[in-house]
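Asks: Give the three-dimensional model of this entry:
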Amino acid sequence: MAAPDVDIRSTAPATLAVTGALVFDSAARALKQAGELLKKSPHDTLDLAGVTTADSAGLACVLAILATARRQGGELRVANMPASLKALARVCEVEPLLV
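Replies: Numbering: from 1, shown residues only. Next up is the predicted model:
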């Protein structure tokens, strides 16, 4: 069985755009892509509009991307978070970390 598709691209202006399934089988790949892009240039937005499905690993990935940006001296604002991911963040009591 193939791993779910996920892709993170740098889009203008200074945005990391996530598309596809942000789930257990793709989260590590997404985190690696984001880390490589953050090393190349600063970004200020993590756009989740293209996320088709997400689970708790996807939520952990989003938090790890935000932490990576902070370690590099930046700050990412999360935009267009899917309602299901927002609900999961609320249940896990990490919603304030995503603001």
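
Asks: List the strands paired with the longest strand seen in the chain, with their directions.
Replies: The strand that spans the most residues within the chain, counting by DSSP state E, is strand 45-54. Strand 45-54 has its sheet partners listed here by DSSP bridges as strand 15-22 (parallel), strand 77-79 (parallel).

Asks: can you list contacts of the following helix or strand past the longest one?
Replies: Same thing as strand 15-22. Next along the chain after strand 15-22, taking DSSP states H and E as the criterion, comes helix 27-40. With C-beta atoms under 8 Å, 6 or more residues apart in numbering as the contact definition, helix 27-40 has outside contacts at 3, 6-10, 16, 18, 22, 43, 46, 57-58, 60-61, 64-65, 68-69, 72, 74. C-betas here are computed from N, CA, C, even on glycine.

Asks: from those residues, which ones fall inside helices?
Replies: For the contacts of helix 27-40, membership in helices holds for A57, G58, A60, C61, A64, I65, T68, A69, with DSSP state H as the criterion.

Asks: excluding its backbone neighbours, what's nearest T53?
Replies: Leaving out its chain neighbours, the residue that sits closest to T53 by C-beta to C-beta, 6 or more residues apart in numbering is A21, at 4.8 Å.

Asks: these two touch, right, that neighbour and T52?
Replies: Yes - between A21 and T52 a contact is recorded at 5.6 Å, counting by C-beta atoms under 8 Å.

Asks: ok, these two, which is more surrounded?
Replies: A21 (19 against 14; other C-beta atoms under 10 Å).

Asks: ok, now how distant is that one from L59?
Replies: 13 Å (C-beta to C-beta, to the nearest Å).

Asks: if we can go back for a sec, can you say which of the strands paired with strand 45-54 is nearest to K86?
Replies: Closest to K86 of the strands paired with strand 45-54 is strand 77-79 (C-beta to C-beta; 9.4 Å).

Asks: For the closest residue to D7 other than its chain neighbours, name its beta-bridge partners.
Replies: Closest residue to D7 apart from its sequence neighbours, by C-beta to C-beta, 6+ apart: T19 at 5.1 Å. On the basis of DSSP bridges, T19 is bridged to D7, G50.
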